[in-house]
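Visitor: Sequence first, predicted model second:
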Amino acid sequence: MYRTDLLKIPDMNLTVNEQLFPTKVRRKLTQYIPNKPDKFRIKFWLASDTNSKYIINGFHFWEKKILDRRQYQSVTFASLATKLSEKRTTLFGVTEENCPTWLLYKSNNFTLIIYKSKPSKKVTILSSKNKSVKINNDRKQPEIVAYYNKSKFGGDVTDQMARKYSVKSKSYRWAVQVSFNILDLASINA
């Protein structure tokens, strides 16, 4: 995508999320997800502003499969948090459950919290913003979880808006489908 970060100065909270764009195209770059209604999808990574839903940057994911054991769906890694802390930027996000623990406990500059919201669901959150864990009195949950719930929905709302207000038409050519998706994302920014 074009450098839209030059047009708008983003707020403090940015969300990096994956967009799985549904398509009927069957090429190397499509990913097959059997438990979804639209089984074939093309993946985009989008960085969007949490408050205004403005898409700052985005790019297409060109690999079909995860090639290395260290490549995951999540973008929250301890190594990325270390690099960003050198540039005085904080990282806050959910890590994958199958991520090796040595990637999570490597440094003392961030906090890792494992929160069990339901008996069958646990969430692992890595934060370089919060150095300690404090409990909110009203909901009895850590402040890190409350902050995550407040700031996580930027990419999800962007994805919903792109699906609802779409210019997409029927085509089996992947370049046309990707162009329609870029037009949808540009219309959200307009």
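Guide: It's in.
Visitor: Going by C-alpha atoms from here, please, whenever you check contacts or count neighbours.
Guide: Noted.
Visitor: Assign residue 162 to helix, strand or coil.
Guide: For residue 162, the reduced secondary structure class is helix; criterion used: DSSP: H, G, I helix; E, B strand; the rest coil.
Visitor: For residue 34, see how far away it is.
Guide: Noted for residue 162: a distance of 22 Å to residue 34, by CA to CA, to the nearest Å.
Visitor: quick one, which of these two is more surrounded?
Guide: A count of neighbours by other CA atoms under 10 Å puts residue 162 above the other of residue 162 and residue 34, at 22 against 9.
Visitor: List the contacts of that one.
Guide: Applying CA atoms under 8 Å, 6 or more residues apart in numbering, we find residue 162 in contact with 181, 184, 185, 188.
Visitor: what pLDDT does it get?
Guide: Looking at residue 162, its pLDDT is 81.
Visitor: Report the separation between it and residue 168.
Guide: As judged by CA to CA, residue 162 and residue 168 stand 10 Å apart.
Visitor: same question, residue 129
Guide: 39 Å.
Visitor: and if you look at residue 48?
Guide: Distance from residue 48 to residue 168, counting by CA to CA: 21 Å.
Visitor: Return the distance of the helix or strand hosting residue 82 from the chain's centre.
Guide: Using DSSP states H and E, residue 82 maps to helix 78-86. The gap between the average C-alpha position of helix 78-86 and the chain average comes to 17 Å, counting by CA atoms, centre = their mean, to the nearest Å.
Visitor: Could you export it as PDB, CA atoms only?
Guide: These are the backbone C-alpha positions of helix 78-86, laid out as PDB (Å, rounded to 0.1, in the frame of the first residue of the first chain):
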ATOM      1  CA  ALA A  78      10.000 -10.500  22.800                       C
ATOM      2  CA  SER A  79      12.700  -9.800  20.200                       C
ATOM      3  CA  LEU A  80      10.500  -7.200  18.600                       C
ATOM      4  CA  ALA A  81       9.700  -5.700  22.000                       C
ATOM      5  CA  THR A  82      13.500  -5.400  22.600                       C
ATOM      6  CA  LYS A  83      14.100  -3.700  19.300                       C
ATOM      7  CA  LEU A  84      11.200  -1.300  19.800                       C
ATOM      8  CA  SER A  85      12.300  -0.400  23.300                       C
ATOM      9  CA  GLU A  86      15.700   0.700  21.900                       C
END
